[in-house]
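**Q** What would the 3D arrangement of this be:
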Amino acid sequence: MAKRNASGKAKAGVREFPVCGLHISTGHRGDLDLWEKFIREALPKEGVNTFVMEINYGYDFKSWPAVAEQGALTKEEVKRLLGACRDAGVELIPQVNCLGHQSWAGHSHGLLRAFPEFDERLDIPQDADSKALYCRSYCPAHPKVHDVLFALLDEVADAFEARQFHIGMDEVFLIAEEKCPRCRGKSAAELFAGEVTALHDHLARRGLTTWMWGDRFINSAEFPTGIWEGSGNNTWGAVDRVPTDIVVCDWHYERAFDTPQFFAAKGFPVLASPWNKPEAALAELEIMRKLRKKSDKALGMLQTTWCGFDSFVHAYYGDLPADNKRNEHALGAAECFKTLFAALRGETKEAP
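**A** Alright, predicted model coming up:
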């Protein structure tokens with residue numbers, strides 16, 4: 001724990017947690033000059049030491065070029081961001097969403113666009129915009145999927161010179177589908193655990209630590225999280241079947257749950273991950289502070305954003321009008337980020 005002065009505030013320059021992180025998603029090139037400025041100026045000022053950049057298929061892949069999204073970042077552009085992070089004393093961690101989140105609003109992302117045969121639900125047309133579908137998954141049992149996916153992960157890891165890698169794995173609703181000829185009749189927990197382990201083991205062979213979202217490990221019947229922040233489709237049994245050196249990013253947005261204690265008790269390093277509600281973020285911080293006193297598995301905090309890199313940075317600098325409804329996510333995430341990191345620096349009243 002950080003040393004504190006007489007007022008109970010953490011002393012400046014003394015880090016309370018090993019990880020004080022920010023997660024930003026970007027699937028394409030944006031204002032790189034702005035990004036570099038933000039990394040060099042804002043991240044050290046706020047006390048960020050870890051920056052997770054969700055790139056997904058927004059990279060100019062050479063191994064499988066057809067997977068790359070339009071406007072993908074090049075290796076040279078990634079090096080610019082990597083240099084900015086080094087200047088700021090921040091570790092840059094890439095993320096590629098695996099298993100779920102392979103489509104949005106009827107449009108398949110890079111992997112399934114290039115390899116539609118990897119789809120868990122081949123019976124649903126690729127352009128179907130079905131509310132019941134939410135996001136597509138690739139089939140973890142397809143015999144060729146890892147040949148492609150591992151090459152993509154390797155290429156991103158090399159470009160980012162990564163020591164750690166975030167594999168996503170959140171909100172997986174399509175798994176062990178009866179309509180999938182390979183997954184029919186199989187256990188969702190076993191399939192999910194098998195995919196997590198396969199990804200982890202591949203990255204571990206390269207010397208990389210795996211990070212992932214934790215929602216599919218949470219039994220929503222045990223913790224009243226609902227089926228988004230917890231699992232209602234039986235993947236939660238996988239929590240006892242995967243390597244415990246995986247860093248679990250435990251995201252909850254509306255309210256805090258004591259799930260970090262659950263993950264730490266299972267042996268996982270854990271980060272609490274809020275979004276756009278400062279009161280929830282401060283409550284999660286208090287949970288992590290209490291857990292840190294008992295367990296070194298409590299690594300710290302990872303603020304999420306979910307609005308795109310450009311929008312978040314403009315919101316952070318006060319350049320987005322508050323009267324535009326389209327800016328709500330960015331403005332909320334920026335305010336939550338500032339509140340959380342001020343609290344980590346001991347500059348605001350802690351959550352009760």
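**Q** Could you check what's spatially nearest to Glu46, not counting adjacent residues?
**A** Distances taken as C-beta to C-beta, 6 or more residues apart in numbering place Phe341 nearest to Glu46, at 4.3 Å, with adjacent residues excluded. From N, CA and C alone the C-beta is placed, and that goes for glycine too.
**Q** which residues of the protein score low on pLDDT?
**A** Scanning the chain for pLDDT under 70 picks out the ranges 1-14, 128-132, 348-352.
**Q** quick one: the closest residue to Phe160 other than its chain neighbours from Leu299, how far?
**A** Leaving aside its sequence neighbours, Phe160 sits nearest to Pro94 (C-beta to C-beta, 6+ apart; 4.4 Å). Using C-beta to C-beta, to the nearest Å, we find Pro94 at a distance of 18 Å from Leu299.
**Q** more neighbours, the two?
**A** Neighbours per residue (other C-beta atoms under 10 Å) separate Pro94 from Leu299, with Leu299 holding more: 26 against 23.
**Q** just checking, the more buried one touches Phe268?
**A** No: Leu299 lies out of contact with Phe268 (C-beta atoms under 8 Å); the separation is 9.7 Å.
**Q** which residues do the two both contact?
**A** Shared contacts of Leu299 and Phe268, defined by C-beta atoms under 8 Å, 6 or more residues apart in numbering, comprise Val247.
**Q** All the strands of this structure, residue numbers only.
**A** Along the chain, counting by DSSP state E, strands occupy 19-25, 50-54, 91-98, 103-104, 107-108, 164-168, 209-213, 247-251, 270-273, 298-303.
**Q** ok, Val148 - contacts?
**A** Residues near Val148 by C-beta under 8 Å, 6+ apart: 64, 67, 111, 115, 118.
**Q** right, and Leu73 touches Gly58 too?
**A** Yes: counting by C-beta under 8 Å, Leu73 touches Gly58, with 6.0 Å between them.
**Q** most packed of the strands of the chain?
**A** strand 270-273 (a mean of 28; mean count of other C-beta atoms under 10 Å).
**Q** now what about that one, what contacts it?
**A** 19, 21, 23, 213-214, 247-252, 256, 260, 263-264, 284-285, 287-288, 291, 297-304.
**Q** Nearest spatial neighbour of Pro321, chain-adjacent residues omitted?
**A** Nearest residue to Pro321 in three dimensions, chain neighbours excluded: Asn327, at 6.6 Å (C-beta to C-beta, 6+ apart).
**Q** Distance check, that neighbour against Phe312.
**A** With distances taken as C-beta to C-beta, Asn327 is found 10 Å from Phe312.
**Q** Which of those two has more residues huddled nearby?
**A** Remark: of Asn327 and Phe312, Phe312 carries more neighbours, 24 against 18, as counted by other C-beta under 10 Å.
**Q** was I right about the more buried one contacting Ala334?
**A** Yes: between Phe312 and Ala334 a contact is recorded at 6.2 Å, counting by C-beta under 8 Å.
**Q** Report the set of residues contacting both of those two.
**A** Residues touching both Phe312 and Ala334 by C-beta under 8 Å, 6+ apart: Thr305.
**Q** Can you get me a residue count around the residue nearest to Lys297 when sequence neighbours are not counted?
**A** Nearest residue to Lys297 in three dimensions, chain neighbours excluded: Ala264, at 3.9 Å (C-beta to C-beta, 6+ apart). Residues contacting Ala264 under the criterion other C-beta under 10 Å number 22.
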